[in-house]
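Q: Coordinates for the following, if possible.
(chains A and B)
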Amino acid sequence: SQKIEQNSEALNIQEGKTATLTCNYTNYSPAYLQWYRQDPGRGPVFLLLIRENEKEKRKERLKVTFDTTLKQSLFHITASQPADSATYLCALDRGGYQKVTFGTGTKLQVIP
Amino acid sequence: DAGVTQSPTHLIKTRGQQVTLRCSPKSGHDTVSWYQQALGQGPQFIFQYYEEEERQRGNFPDRFSGHQFPNYSSELNVNALLLGDSALYLCASSLMGTAAHFGDGTRLSIL
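A: Numbers count the residues shown, from 1 in each chain, chains lettered A, B, ... in the order given. The predicted structure follows:
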């Protein structure tokens, strides 16, 4: 069956460092991989989308890589700030009318 | 420009009852998807509506049904509520090929 795994443990890092979150998947061939941020009591907010034929995507302090051979995506936040503290979700999408499948999320805590 | 709005924000029901949740999509979006998010879990896809038709469905029983109206707004109905239906119900709207915009959800508690 399809499986999406994210760091199950919370990730604590010092302010100013780079946070790296992992998303691994099995039995899935996504056309797109998306990353969302979710704050407590709020809905997910879209951050970045990367296509299967792209290796890397950047947006301001965010960087996403996508390795379809390893079936893995890495999400980096450089120069992290306490305001970056949230749960980050990866989501796989086959494209077209296919449903989007979410991972369980990784809780990031940036310590001042 | 209003984003995705959901109502109500919170709801308390008892087992066996029925509930209707509502969603207004972001302006210009024509596709609405519904997700269930249990505490500490990622959102689980329930179904997706486009042009008033259910286009895709996740692994949810028939107790979960929906509707999309001509103005693209949508409703999620759950019958015969179970304790396990307690969750945050999220609505997301999108245009074909674009990322989804989520509302802040309806927190449903079943007693």
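Q: which parts of chain B sit against chain A?
A: Residues of chain B lying near chain A by Cβ under 8 Å from any Cβ of the partner chain: B:4, B:33, B:35, B:40-45, B:48, B:50, B:55-56, B:58, B:90, B:92, B:97, B:99-105. (Glycine included, C-beta is placed from N, CA and C.)
Q: try it again with 6 Å
A: Within reach of chain A by Cβ under 6 Å from any Cβ of the partner chain, chain B has these residues: B:41-43, B:45, B:55-56, B:58, B:90, B:99, B:102-105.
Q: Quick check on these: which are buried?
A: For those, a neighbour count by 16 or more other Cβ atoms under 10 Å in any protein chain shown gives the buried set as B:Gly42, B:Pro43, B:Phe45, B:Arg55, B:Gln56, B:Gly58, B:Leu90, B:Ala99, B:Phe102, B:Gly103, B:Asp104, B:Gly105.
Q: Which one among those residues sits at the bottom for pLDDT?
A: Ranked by pLDDT, these bottom out at B:Ala99, which scores 79.
Q: Excluding chain neighbours, what is closest to it?
A: Ranked by Cβ to Cβ, 6 or more residues apart in numbering or on different chains and with sequence neighbours excluded, the top spatial neighbour of B:Ala99 is A:Phe46, at 4.3 Å.
Q: same for the helix or strand harbouring the one you found, what does it pack against?
A: Secondary structure from DSSP states H and E places A:Phe46 in strand A:45-51. Based on contacts counted as 3 or more Cβ pairs under 6 Å, 6 or more residues apart in numbering or on different chains; DSSP states H and E, the elements that strand A:45-51 packs against are strand A:32-38, strand A:56-59, strand A:62-67.
Q: Let me have these in a markdown table, extended by mean neighbour count, distance to B:Ser109 and mean pLDDT.
A: Formatted as a markdown table, those follow (neighbours: other Cβ atoms under 10 Å in any protein chain shown; distance: least, Cβ to Cβ, whole Å; pLDDT from 0 to 100):
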| stretch | mean neighbour count | distance to B:Ser109 | mean pLDDT |
| --- | --- | --- | --- |
| strand A:32-38 | 22 | 20 | 94 |
| strand A:56-59 | 13 | 37 | 96 |
| strand A:62-67 | 18 | 35 | 96 |
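Q: I appreciate the help and will end here.
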